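Undergrad: sequence unknown, structure follows:
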């Protein structure tokens, strides 16, 4: 009876149980929604757009060469009998490099000395005749013709003596040329001619080369367009024998920055019609003799200064199909992606010529995980991500080669735009 009664109740009022089940399900669903927290906005690191005075730097490819490159050549013909230096060593002015067999030249000197003695004797005889005839002419004991003949023999003897002395001097010089010495201080190169070779002034190749490398020169070509753009400054450099001292920086083949700065000057007198370039050179101190002639080098030349240029960390700039973009965070902490125009690169900083204002916040890390319009949590970037000028703030990282001929900016106006 009891079990029957329970079944009867359920059977009598099924709506009550359905209602209770629905209410419980709704309460459980509501409780579940209340337990799920709203995710926080993504975190990004930002840096403010800053103003800096940025040097305008042009970059060129060059080659090192000796301040003086002296080809060592034989000045007299003969056989090499010795080489008196170590190839690649430092030599001083006057150091012996080669010797030519001196015996033929010593013989020529001995012969010239003999001719000198003979000329001196002939002149002495002529003088004795003149002195003896002079009083006799007045007495009429010697004719005037004989006296004039004696005078002519004296003059001829004086000329012969002068020629003999010149021949002796030339023979001494030729004998001295058998010792081939360095004309400068520097590094001496490989010996091109060897012992036993017959050498002479007409040889096509030198015996060796000595290069003065402290200081050292760097030669680099400048395009005709660049020359015309900066022609006024180049003319000033021609009058003042060089550009501003220390305005050049040298980058070596391994990417390291040479520690000493150089001074440039216009060297070429003409534009090469084949390449459309004119030669310029820079002079760099080389106290440690690190640089040698023939090395590859990049030359950075400070041509001007961008006054109050706007800069952002280079890592913040994104390249999209040739366009430069920055991700910015507005005052409402929402993301905006903006296309900008960029100029030169300075250390790890990028000059932005159009598209941003000072003080705006630029994302340097985290822009991959946000989209325009997203709310973000912006935090200041650490120093290592904030970008910095080169270690020497007076030195700017060069722009790409295409930017080397960009117009000189007007300090009163915004810096000119340029490609990235």
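TA: Nice, I can see it. All values derive from a computational prediction rather than experimental measurement.

Undergrad: now the strands for the stretch 1-150 of the chain?
TA: Counting by DSSP state E, counting those that start in this stretch, the stretch 1-150 of the chain has strands at residues 43-48, 50-72, 78-83, 90-91, 96-100.

Undergrad: could you redo those strands as CSV and give each row mean neighbour count, distance to residue 341 and mean pLDDT?
TA: C-beta here means a position set from N, CA and C on the backbone, and glycine is covered the same way. Listed next are those as CSV, based on neighbours: other Cβ atoms under 10 Å; distance: least, Cβ to Cβ, whole Å; pLDDT from 0 to 100:
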stretch, mean neighbour count, distance to residue 341, mean pLDDT
strand 43-48, 19, 19, 93
strand 50-72, 19, 15, 90
strand 78-83, 16, 63, 96
strand 90-91, 16, 53, 94
strand 96-100, 20, 60, 97
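
Undergrad: For residue 295, which of those is the nearest?
TA: Closest to residue 295 of the strands of the stretch 1-150 of the chain is strand 50-72 (Cβ to Cβ; 4.3 Å).

Undergrad: That closest one: how far from the chain's middle?
TA: The chain centroid and the centroid of strand 50-72 are separated by 3 Å, computed with Cα atoms, centre = their mean, to the nearest Å.

Undergrad: Which single helix of the protein contains the most residues?
TA: Using DSSP state H, we find that the single longest helix of the chain is helix 103-139.

Undergrad: Can you classify the residue nearest to the spatial centre of the chain as helix, strand or coil?
TA: Centroid-nearest residue in the chain, with Cα atoms, centre = their mean: residue 299, separated by 2.9 Å. Secondary structure, DSSP: H, G, I helix; E, B strand; the rest coil: residue 299 is strand.

Undergrad: any idea how far residue 54 is from residue 347?
TA: Applying Cβ to Cβ, to the nearest Å, the value for residue 54 to residue 347 is 9 Å.

Undergrad: Point out the other helices and strands that the longest helix of the chain packs with.
TA: Where contact means 3 or more Cβ pairs under 8 Å, 6 or more residues apart in numbering; DSSP states H and E, helix 103-139 is packed against helix 144-176.

Undergrad: avg pLDDT for the helix it packs on?
TA: Helix 144-176 comes out with an average pLDDT of 91.

Undergrad: surely residue 275 meets residue 224?
TA: No. Using Cβ atoms under 8 Å, residue 275 makes no contact with residue 224, being 9.2 Å away.

Undergrad: These two: who's more crowded?
TA: Set side by side, residue 275 and residue 224 show more neighbours around residue 224, with 15 against 10, by other Cβ atoms under 10 Å.

Undergrad: burial count for the residue nearest to the more buried one when sequence neighbours are not counted?
TA: Excluding the flanking residues, the one nearest residue 224 by Cβ to Cβ, 6 or more residues apart in numbering is residue 276, at 4.9 Å. By other Cβ under 10 Å, 12 other residues sit near residue 276.

Undergrad: Check the one 5 residues further on too.
TA: Residues contacting residue 281 under the criterion other Cβ under 10 Å number 20.

Undergrad: list the contacts for residue 208?
TA: 72, 87, 97, 188, 189, 190, 191, 192, 193 (Cβ atoms under 8 Å, 6 or more residues apart in numbering).

Undergrad: most neighbours, which of the residues you listed?
TA: Tallying neighbours with other Cβ under 10 Å puts residue 188 at the head of the contacts of residue 208, with 22 neighbours.

Undergrad: Give me the below-cutoff pLDDT ranges for the stretch 201-350 of the chain.
TA: Scanning the stretch 201-350 of the chain for pLDDT under 70 picks out 241-242.

Undergrad: residue ranges of the helices in it, please?
TA: Assigned by DSSP state H, counting those that start in this stretch, the helices in the stretch 201-350 of the chain fall at 224-229, 231-240.
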